[in-house]
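Participant: let me see the structure of the following:
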Amino acid sequence: MPVDRDVQWNGKRYIGTELFFVAQYAEERPPLVRTGLLPDEEASLDTHAWIAWSDVDSQVEPVEPPQLPAVLGALMPEGPWREPVEGLR
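Facilitator: Okay, here's the model as predicted:
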């Protein structure tokens, strides 16, 4: 789903459209790997993790995009995000 973005990242402002998607896996939390990243993605990706939907609002770093519930609702209306998480709606 295309999402219009205006963000500061690595000291630079980025304005444009970013694609977001929902991926479904056969297992609950498959291993996270960096295979397939482009060189600049590999260099700039700080961390990655699986986060339970119920824990999204307790993250220290802001969740991106800020309109995540609306994006997920459009992509997969039957998902767990149909119930509000405090701090995200």
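Participant: which residues touch the residue nearest to the spatial centre of the chain?
Facilitator: Residue closest to the mean C-alpha point of the chain, counted by C-alpha atoms, centre = their mean, is Glu64 at 5.5 Å. With contacts defined as C-beta atoms under 8 Å, 6 or more residues apart in numbering, Glu64 is in contact with Val7. All C-beta spots, glycine's among them, are computed from the backbone N, C-alpha and C.
Participant: repeat that for 10 Å
Facilitator: Glu64 is in contact with Val3, Arg5, Val7, Trp9, Glu18, Phe20, counting by C-beta atoms under 10 Å, 6 or more residues apart in numbering.
Participant: find me the pLDDT at it, would you?
Facilitator: Turning to Glu64, the model gives it a pLDDT of 86.
Participant: distance between stretch 51-67 and the chain's centre?
Facilitator: Chain-centre distance of stretch 51-67: 8 Å, with C-alpha atoms, centre = their mean, to the nearest Å.
Participant: C-alpha coordinates for that stretch, PDB please?
Facilitator: Provided in PDB are the C-alpha atoms of stretch 51-67 (Å, rounded to 0.1, in the frame of the first residue of the first chain):
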ATOM      1  CA  ILE A  51       6.900  -7.100  18.300                       C
ATOM      2  CA  ALA A  52       3.500  -8.300  19.500                       C
ATOM      3  CA  TRP A  53       0.700  -6.000  18.400                       C
ATOM      4  CA  SER A  54      -0.300  -5.500  22.100                       C
ATOM      5  CA  ASP A  55       3.300  -4.200  22.800                       C
ATOM      6  CA  VAL A  56       3.500  -1.700  19.900                       C
ATOM      7  CA  ASP A  57       2.500   1.300  22.100                       C
ATOM      8  CA  SER A  58       5.200   0.500  24.700                       C
ATOM      9  CA  GLN A  59       8.100   0.800  22.300                       C
ATOM     10  CA  VAL A  60      10.800   3.400  23.200                       C
ATOM     11  CA  GLU A  61      11.200   4.400  19.500                       C
ATOM     12  CA  PRO A  62       8.200   5.800  17.600                       C
ATOM     13  CA  VAL A  63       6.300   3.300  15.500                       C
ATOM     14  CA  GLU A  64       6.400   4.100  11.800                       C
ATOM     15  CA  PRO A  65       4.400   5.200  10.000                       C
ATOM     16  CA  PRO A  66       2.400   7.200  12.500                       C
ATOM     17  CA  GLN A  67      -0.800   6.100  10.800                       C
END
